[in-house]
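Trainee: Following is a predicted model, sequence given first.
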Amino acid sequence: MTDSAQESVARSLALRDLVRHRDHVLRTIDGLGESELDHVAAPSGWTPRSMLSHLIHDVESFWLRAVLGGDGTAIDQLRDGWRAPPLPGPALREAYRRETALGDAALARADLNAPPLWWPPVEVFDAPRLLTGWEILLRVIDETAVHAGHLDMAREAMDGHQDLVVG
């Protein structure tokens with residue numbers, strides 16, 4: 001297999017994994033009403049609503065559109081997802097779907113072997129620089145998977161709902 005064929009397979013598998021984790025997030029919050037979206041899930045005070053806002057702003061928009069893609073609109077609209085104004089449930093779900101579609105478009109244009117097109121100033125994001133699009137993509141997959149698990153725990157504590165239980 002050629003290097004470009006191997007890279008194409010790797011990209012396809014990574015994107016499939018990202019889609020699977022995003023779907024997991026949406027399945028986990030499916031059916032939650034407004035009060036359940038505001039159920040405090042951890043001592044830090046996060047709720048399913050604030051977690052989804054974090055995924056929208058701090059994961060999808062920040063990493064994919066702003067950092068990876070250098071999208072000026074995304075950069076201008078950056079905000080702390082934990083502190084963003086809360087959206088009603090249907091609008092929140094739609095915003096997540098819309099932002100993931102925009103993230104997919106940024107990924108489709110991206111050269112994953114190249115450096116990201118933008119990096120935030122240190123006063124905005126004081127963390128080690130990620131060097132390639134692959135690192136950005138893996139960061140987004142990790143964040144989405146971890147937070148899907150957090151949402152699973154919150155949902156199970158609320159109403160016993162479990163996602164993809166084996167055994």
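Mentor: That came through, no problem.
Trainee: what's the helix or strand for residue 156?
Mentor: Residue 156 is part of helix 133-159, with elements assigned from DSSP states H and E.
Trainee: if you average pLDDT over that helix, what comes out?
Mentor: Helix 133-159 shows an average pLDDT of 96 in the prediction.
Trainee: same check, this time on stretch 111-118
Mentor: Stretch 111-118 shows an average pLDDT of 98 in the prediction.
Trainee: so how far does that stretch reach from one end to the other?
Mentor: Between the opening and closing residues of stretch 111-118 there is a gap of 13 Å (C-alpha to C-alpha, to the nearest Å).
Trainee: Measure how buried the closest residue in space to residue 25 that isn't next to it in sequence is and give me the count.
Mentor: Closest residue to residue 25 apart from its sequence neighbours, by C-beta to C-beta, 6 or more residues apart in numbering: residue 148 at 4.9 Å. Yep, even glycine has a C-beta here, placed from its N, CA and C like the rest. Neighbour count of residue 148, defined by other C-beta atoms under 10 Å: 22.
Trainee: Just to check, residue 46 is in contact with residue 82?
Mentor: Yes - in terms of C-beta atoms under 8 Å, residue 46 counts as a neighbour of residue 82; the distance is 7.2 Å.
Trainee: Settle it for me: which of these two has more neighbours?
Mentor: When residue 46 is set against residue 82 and neighbours are counted by other C-beta under 10 Å, the residue ahead is residue 46, at 18 against 14.
Trainee: that older thread, separation between the residue nearest to residue 25 and residue 121?
Mentor: 30 Å (C-beta to C-beta, to the nearest Å).
Trainee: for this structure, which spans come out with low pLDDT?
Mentor: Counting by pLDDT under 70, the ranges of the chain that qualify are 165-167.
Trainee: Show the contacting residues for residue 148.
Mentor: Contacts here follow C-beta atoms under 8 Å, 6 or more residues apart in numbering; on that basis residue 148 touches 21, 24-25, 28.
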